[in-house]
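Engineer: model the following, please.
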Amino acid sequence: MTALARGLEVLHAFKSGEERLGNHELAERCSLPKSTITRLTYTLTKLGYLHHIAESGRYRLGLMALTLGGTTLSRLDVKEVSNPFLQQLANETDTMVALATRDDLSMFYIENCRSETAILTLMLGIGSHIPLGTTAAGRGYLAGAPEGARQTLEARLQAIDPVGWPRVEKGIRQAMTDLAEFGCVRSFGDWRREIHGIAVPVRLGSGLPLMVVNAAAAASSISAETFMDEVRPRLIATVRGIEAQFHAKS
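Structural biologist: Model (predicted):
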């Protein structure tokens with residue numbers, strides 16, 4: 001019981017899901033020896049309640065911890081609200097449609113729908129992680145995020161891959177332009193040559209996590225032009241429907 005109480009105390013020391021703390025700060029906030037904190041953070045990281053940031057040696061709350069809080073995805077009923085919209089879009093466009101949110105430097109699928117006739121060369125499902133900087137979902141998140149948060153994430157992406165950063169940065173800048181001009185972002189072969197995808201940020205209200213809906217398909221089955229001309233307006237309408245339905249239930 002003592003170990004459980006101390007573990008919960010460590011999680012409580014984080015004031016937000018974005019705060020990053022090292023063992024020294026956690027020891028001070030929890031009034032515990034650093035050796036004890038080190039053991040606790042190791043265990044909590046293994047269980048997914050903390051995420052260790054290798055480049056800084058600090059920790060942030062992991063996805064498992066976020067599901068315990070007041071903004072838990074299940075409590076927000078996001079999946080329940082979004083599923084009919086996502087499935088309808090998938091059926092109408094013969095694409096795989098997903099609802100995703102950010103988990104550190106990747107996007108995490110929390111809902112996933114596809115039509116029976118969708119052709120995909122990459123099988124993804126609920127719980128899948130995809131890159132932040134090169135996918136449509138990731139670019140949608142970055143383009144829709146507040147400037148300060150986006151700049152912080154960009155700096156981290158650049159730090160872990162300085163050689164590849166110019167290409168990633170170009171895609172992010174294009175995504176910001178695309179969101180303003182077309183209402184969506186795109187990734188046509190940028191992550192996987194055989195995959196086309198577009199995405200739109202989902203804004204559920206102040207204090208709630210930014211999410212993204214993306215539609216993807218094999219490049220051989222749906223062209224970039226078809227995505228922009230036919231899938232894009234349906235995707236935008238889907239996101240607006242999810243937002244309206246969510247606010248109506250709140």
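Engineer: next one: phi and psi at the residue nearest to Ile160 when sequence neighbours are not counted?
Structural biologist: Using Cβ to Cβ, 6 or more residues apart in numbering and skipping the chain neighbours, the partner closest in space to Ile160 is Glu55 (6.9 Å). Where C-beta positions appear, they are placed from N, C-alpha and C, glycine not excepted. Torsion angles at Glu55 (phi, psi; degrees, to the nearest 10) stand at phi -70, psi -30.
Engineer: what pLDDT does Trp165 get?
Structural biologist: With respect to pLDDT, Trp165 scores 97.
Engineer: for it, grab the count of nearby residues.
Structural biologist: Neighbour count for Trp165, taken as other Cβ atoms under 10 Å: 17.
Engineer: that one reaches Leu157, doesn't it?
Structural biologist: Yes - judged on Cβ atoms under 8 Å, Trp165 makes contact with Leu157 at a distance of 6.7 Å.
Engineer: where are the low-confidence patches of this protein?
Structural biologist: 15-18, 63-77, 118-122, 206-207, 250 (pLDDT under 70).
Engineer: just the strands in it please.
Structural biologist: Along the chain, the segments classed as strands by DSSP state E run 50-53, 58-61, 96-103, 106-114, 129-131, 185-188, 195-202, 211-218.
Engineer: spatially nearest residue to Arg6, not counting backbone neighbours?
Structural biologist: In this structure, Arg6 finds its nearest non-sequential neighbour in Leu40, 5.9 Å apart by Cβ to Cβ, 6+ apart.
Engineer: can you pull the contacts of the one you found?
Structural biologist: 3, 6-7, 10, 32 (Cβ atoms under 8 Å, 6 or more residues apart in numbering).
Engineer: which PyMOL command selects the buried ones in those?
Structural biologist: Burial among the contacts of Leu40 is assessed by 16 or more other Cβ atoms under 10 Å; the matching PyMOL selection reads:
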select buried, resi 7+10+32
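Engineer: closest one of the contacts of Leu40 to Glu243?
Structural biologist: Each of the contacts of Leu40 was scored against Glu243 by Cβ to Cβ, and Val10 proved nearest at 35.0 Å.
Engineer: the closest one and Ile172, how far apart?
Structural biologist: 34 Å (Cβ to Cβ, to the nearest Å).
Engineer: over to Gln87?
Structural biologist: In terms of Cβ to Cβ, Gln87 sits 30 Å off from Ile172.
Engineer: swap in Ser31?
Structural biologist: 42 Å.
Engineer: those two - which one has more neighbours?
Structural biologist: The neighbour comparison of Ser31 against Ile172 (other Cβ under 10 Å) goes to Ile172, with 22 against 7.
Engineer: what number of residues lie near the residue nearest to Arg102 when sequence neighbours are not counted?
Structural biologist: Using Cβ to Cβ, 6+ apart and skipping the chain neighbours, the partner closest in space to Arg102 is Tyr141 (5.3 Å). For Tyr141, the number of neighbouring residues by other Cβ under 10 Å comes to 28.
Engineer: pretty sure Tyr141 contacts Leu132?
Structural biologist: Yes - contact criterion Cβ under 8 Å: Tyr141 and Leu132 qualify, at 6.9 Å.
Engineer: shared neighbours, these two?
Structural biologist: Listed as contacting both Tyr141 and Leu132 by Cβ under 8 Å, 6+ apart are 102, 107.
Engineer: okay, the nearest residue to Phe227 once chain neighbours are set aside and Thr135: tell me how far apart.
Structural biologist: Leaving aside its sequence neighbours, Phe227 sits nearest to Ile198 (Cβ to Cβ, 6+ apart; 5.3 Å). According to Cβ to Cβ, Ile198 stands 11 Å off from Thr135.
Engineer: same question, Asn83
Structural biologist: For Asn83, the distance to Thr135 (Cβ to Cβ) stands at 21 Å.
Engineer: same check on Leu157?
Structural biologist: Distance, Leu157 to Thr135, by Cβ to Cβ: 12 Å.
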